[in-house]
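> any chance you could fold what I've pasted below:
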Amino acid sequence: MNGVRPGVVRTELVAGIADTGPVLDDYLSCMPLSRVGEPEDSAGAVAFLAGPESSWITGQVLNVDGGHHLRRGPDYSSLFEPVFGGDALRGVRPENPPR
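Below is the predicted model of the structure:
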């Protein structure tokens, strides 16, 4: 059995990330190919693994992510800090947490 591990692919699910903004800018700065993937990018890998060309390949996972797996993940703080607060993102607990 083989698998495909896609990166950020332009779909409805990741519209908030794949749209312009600081998260996308940071994501692309960490990606060697510097572009959001398209569904066809992943489909080509799936077609290869399902076809006869891969008959001697087993137990593999193909990263189809523009090389992003080679670098760090994106900085989501601009999305999460307004919701959770800066202290929560840094792991700081309140002195008197609610019980």
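
> for the rest of this, base every contact and every neighbour count on C-alpha atoms.
OK.

> what ranges does the chain have for its strands?
Ranges of strands in the chain, per DSSP state E, are 3-6, 61-64.

> make TSV out of these and add distance to Asp25.
Formatted as TSV, those follow (distance: least, CA to CA, whole Å):
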stretch	distance to Asp25
strand 3-6	19
strand 61-64	19
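
> list the contacts for Gly16?
Not one residue lies near Gly16 by CA atoms under 8 Å, 6 or more residues apart in numbering.

> against Val92, how distant is it?
With distances taken as CA to CA, to the nearest Å, Gly16 is found 27 Å from Val92.

> the helix ranked longest in the chain - contacts with which helices or strands?
The longest helix of the chain (DSSP state H) is helix 39-50. Using 3 or more CA pairs under 8 Å, 6 or more residues apart in numbering; DSSP states H and E, the elements in contact with helix 39-50 are strand 3-6, strand 61-64.

> parallel or antiparallel, list what pairs with the last one.
Strand 61-64 sits in its sheet next to strand 3-6 (parallel), going by DSSP bridges.

> before we move on, the earlier item: need the residues that contact the longest helix of the chain.
Contact partners of helix 39-50, identified using CA under 8 Å, 6+ apart, comprise Asn2, Gly3, Val4, Pro6, Val9, Arg10, Thr11, Ser54, Ser55, Leu62, Val64.
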